[in-house]
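Novice: fold the following and give me the result.
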Amino acid sequence: MKALRILLQLVILGAGGITLAALISRPAPDITSILVFLGFLAFLLALTLALKEHTEKRLVPGHKLSFKPIGIVLLLLGGFGIFYGASYLIGSQPLPNGSGTCRVLCGLILLASQSLGETVARVFAFSLWSSIGLFLCFVGYKVRGVKAT
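Specialist: Below you'll find the model as predicted:
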């Protein structure tokens, strides 16, 4: 089972590396799609860690489940939130204009852009997404260190 899990991780990294190279080699690479794809790859790798934990729990009767995979997924989601906020700040992500489906965070950013201007809205979007990302990183760090009882 360990060899199968390692083979699965190698397939994920190999296929992900080829796809990432294709995304980067475009004439105008889209940073958002690259970050989303990297987050998806990291999520798949974290799932292989969860597979390892469940396999050990099944094989060893007294083994307790570890919260480490959940903490790693939360850390990755937090990192994605921080980088998504940074994409607003550096200008690679356009501000919402109200067309399409605009939910809570998008609506707050749209309200800030219409009332305070584009520059303030970019800083607001960065601070909003980065604070959510930092919160998820904090929770992931705390969850990762918890011991199962």
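
Novice: my guess is residue 71 contacts residue 143, does it?
Specialist: Yes: using CB atoms under 8 Å, residue 71 is in contact with residue 143, at 4.0 Å. For every residue, glycine as well, the C-beta is placed using N, CA and C.

Novice: more neighbours: those two, which one.
Specialist: Neighbour count, other CB atoms under 10 Å: between residue 71 and residue 143, residue 71 has more, with 20 against 17.

Novice: assign a three-state SS to the more buried one, would you?
Specialist: helix (DSSP: H, G, I helix; E, B strand; the rest coil).

Novice: any idea how far it lies from residue 144?
Specialist: Here residue 71 is placed at a distance of 3 Å from residue 144 (CB to CB, to the nearest Å).

Novice: please name the residues that touch residue 71.
Specialist: 140-146 (CB atoms under 8 Å, 6 or more residues apart in numbering).

Novice: may I ask which of the residues you listed has the most neighbours?
Specialist: residue 140 (22 neighbours).

Novice: quick check: residue 11 vs residue 18, distance?
Specialist: Taken as CB to CB, the span from residue 11 to residue 18 is 11 Å.

Novice: ignore the last one, residue 137
Specialist: When residue 137 is compared with residue 18 (using CB to CB), they lie 29 Å apart.

Novice: for those two, indicate the residue with more neighbours.
Specialist: Ranked by neighbour count (other CB under 10 Å), residue 137 and residue 18 place residue 137 first, with 19 against 10.

Novice: quick one: residues contacting that one.
Specialist: 74-75, 78-79, 82.

Novice: ok, 6 Å please
Specialist: 75, 78 (CB atoms under 6 Å, 6 or more residues apart in numbering).

Novice: for the chain, what helix or strand is lowest in average pLDDT?
Specialist: helix 31-59 (a mean of 78; mean pLDDT, DSSP states H and E).

Novice: what does stretch 91-110 contact?
Specialist: 31-32, 87, 113, 121, 125.

Novice: swap the cut-off to 7 Å and go again
Specialist: Here stretch 91-110 makes contact (CB atoms under 7 Å, 6 or more residues apart in numbering) with 31-32, 87, 113, 118, 121-122, 124-125, 128.

Novice: report the rounded mean pLDDT for it.
Specialist: Summarised as a single mean, pLDDT over stretch 91-110 is 79.
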